[in-house]
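In: got a predicted structure plus its sequence, pasted below:
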Amino acid sequence: MSLKIYNTMSGAKEEFEPLVADTVTMYVCGPTVYNLAHIGNARPVVVFDTLFRLLQTQYGSVTYARNITDVDDKIIAAAKEGDRSIESVTDEYTAKYREDMAQLNALPPSLEPHATHNIDAMIELTSTLIEKGHAYESQGHVLFAVESMEDYGKLSNRSIDDMLAGARVQVADYKRHPGDFVLWKPADITDPGWDSPWGRGRPGWHLECSAMIRAHLGETIDIHGGGRDLIFPHHENEIAQSRCAHGGDYVKYWMHNAYLDIDGEKMSKSLGNFRTVRDLLQSYRGEVLRFALLSAHYRSPLNFSVELLEQARSNLDGFYGTLREVADMEIDVDVPLADEPFYQALNDDLNTPLAIAELHALAKQLNKAAAEDKPQLKARIIAAGNLLGILGQDPEEWLQGDAAADAISAEAIETLIQERVDAKANRNFARADEIRDSLLAEGVVLEDSREGTQWKRG
RNA sequence: GGCUCGGUGGCAGAGUGGUAAUGCAGCGGAUUGCAAAUCCGUCAACGCCGGUUCGAUUCCGACCCGAGCCUCCA
């Protein structure tokens, strides 16, 4: 069972083969830390976290780097607006980003390089590009000369001429060609800046990823991921920087996720139609958000809505309900992943919706399995859940734990259930139903069985 | 204008050159004191028009509709 990945560069699914046997290097573009992450920003995090988990099942060494962009115009603007230091802005939002992503069950990446910790590498890269004739200094800026690169535009499949046709490239008198992009720009005395051969300044947006990949992962990496909107110009320009500086390949497999839509439109900061993860966590647990994000294939747009979240929750409740029935069952059963349909689904370019469908099939089997078959089915469900980053909680806690601040307490519920058991024993069904209805009004659902009454918050 | 990507049942969402997964919702049944949960069954879909083919939802072409990138954006 081998992994297939859709490579943006070739436009086709390819067999995944790492450059070095049993070793995978992966880099995903992380946040610019000047505000809270929205749920659209969380999609690549969840998608590539799932890939990270999958890779770890088949390669001995998997290094996953996700950067923190902590120098940028928007950060400077946010600091000025809040009348606070750059560091207090970036520290706050870096911490909040980590917290939010942890709520989504995203594992911490192996490395989390900060742009400001790698300025030397960026200056060095810029110098190399100038030496090799791919960059030039102009009015305090250093710019990459796109015309100096033979196949610039290959990733996004556009030519330099095409870009001019759009006539939306920023024209600036310090550029030789309108498509040239900034490697290094001068900094105002009040702005953050670093001394460089070209004066005090700061790096352009694209530079950090090229420099940090080179510094932390090597000249060529296996997988580089991010949102579709990064294909151009960001990733295109990374390729230009790295290939022109070092020669050789930069990235073997390019992966790009589609975005979240709201009412058929892209969710984005500039459109203002976004919901922050932090805000959504007030109403939905992180695992629900994660499940919702995985319910569509990562290369397809996903329409984000209340209905989607309710379906995600309903699905998870079902799985946890199944697991609650076998909560005390030991599962020291080996699960040969290669044979598992959910594993095969994930290996096919991370087909998470199909993997979830296979999870449903397993749950159904478990619900009606003979006792001796249950442990292995439970083990398989847990194994699938681990890969998807779900179903890791105690089922009872999941089903009973999602209580609002003013909700009825577990103790009060148990007391009423006991009273209802007594009423039923006396065949006082009117009282029993009255108790059940009153609990339902509190959002508590009772489930009677031969073994007794269970409850959950619905 | 250039370059991408889509349009599958009420909703979400896989997939395939030949009976179109799965989930949610609906309906019927089993079970239950009645429910819930579970199980069984069931209704219902491939944008439009051509072409290739024995056969197309799937391949090709045109068209309609939608989204995205080309500017900060996951």
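Out: Structure received.
In: what sits against A:Asp70?
Out: A:Thr32, A:Val33, A:Ile86, A:Thr90, A:Thr94, A:His114, A:Ala115, A:Thr116 (CB atoms under 8 Å, 6 or more residues apart in numbering). (Glycine included, C-beta is placed from N, CA and C.)
In: could you redo the last one with a cut-off of 6 Å?
Out: Listed by CB atoms under 6 Å, 6 or more residues apart in numbering, the contact set of A:Asp70 reads A:Val33, A:Thr90, A:His114, A:Ala115, A:Thr116.
In: SS state for the last one?
Out: Using DSSP: H, G, I helix; E, B strand; the rest coil, the three-state assignment for A:Thr116 comes out as helix.
In: pretty sure it is touching A:Asp72, no?
Out: No. Counting by CB atoms under 6 Å, A:Thr116 sits too far from A:Asp72 to count as a contact (10.3 Å).
In: which one's more surrounded, these two?
Out: Just comparing A:Thr116 and A:Asp72: by other CB atoms under 10 Å the higher neighbour count belongs to A:Asp72, 21 against 18.
In: burial check on the closest residue to RNA strand B within the stretch 1-150 of chain A, number of neighbours?
Out: Of all residues in the stretch 1-150 of chain A, A:Gly40 sits closest to RNA strand B, at 2.6 Å by CB to the nearest atom of the strand. Here the number of neighbours of A:Gly40 (other CB under 10 Å) works out to 24.
In: also A:Glu124?
Out: As a burial measure, A:Glu124 scores 15 neighbours (other CB under 10 Å).
In: how about A:Arg324?
Out: Applying other CB under 10 Å, we find 18 residues neighbouring A:Arg324.
In: skipping its backbone neighbours, what lies nearest it in space?
Out: Excluding the flanking residues, the one nearest A:Arg324 by CB to CB, 6 or more residues apart in numbering is A:Pro395, at 3.8 Å.
In: equivalent analysis for A:Glu330, please.
Out: Excluding the flanking residues, the one nearest A:Glu330 by CB to CB, 6+ apart is A:Pro375, at 6.8 Å.
In: wait, isn't that neighbour in contact with A:Val333?
Out: Yes. Between A:Pro375 and A:Val333 there is a contact under CB under 6 Å: 5.5 Å.
In: near RNA strand B, which residues of the stretch 1-150 of chain A?
Out: A:Gly11, A:Cys29, A:Pro31, A:Thr32, A:His38, A:Gly40, A:Asn41, A:Arg43, A:Pro44, A:Lys74 (CB under 7 Å from any atom of the strand).
In: can you flag the buried ones in those?
Out: Neighbour counting with 16 or more other CB atoms under 10 Å marks A:Cys29, A:Pro31, A:Thr32, A:His38, A:Gly40, A:Asn41, A:Arg43, A:Pro44 as buried within these.
In: tell me the one of the residues you listed nearest A:Leu281?
Out: A:His38 (12.1 Å; CB to CB).
In: residue ranges with poor pLDDT in chain A?
Out: Counting by pLDDT under 70, chain A shows low-confidence ranges at A:1, A:164-171.
In: ok, whatever residue of the stretch 101-250 of chain A ends up closest to RNA strand B - contacts?
Out: Minimum separation of the stretch 101-250 of chain A from RNA strand B (CB to the nearest atom of the strand) falls at A:Gly227, amounting to 1.4 Å. When contacts are counted by CB under 6 Å, 6+ apart, A:Gly227 touches A:Pro44, A:Asn257.
In: do that again at 8 Å, thanks
Out: Residues counted as contacts of A:Gly227 (CB under 8 Å, 6+ apart) are A:Cys29, A:Gly40, A:Arg43, A:Pro44, A:His256, A:Asn257, A:Tyr259.
In: what's the helix or strand for the third one?
Out: Counting by DSSP states H and E, the secondary-structure element that holds A:Arg43 is helix A:39-56.
In: which other helices and strands contact the following helix or strand past that helix?
Out: Following helix A:39-56 in sequence order, the next helix or strand is strand A:61-66 (DSSP H and E). For strand A:61-66, the elements it packs on are strand A:23-28, helix A:39-56, helix A:207-216, judged by 3 or more CB pairs under 8 Å, 6 or more residues apart in numbering; DSSP states H and E.
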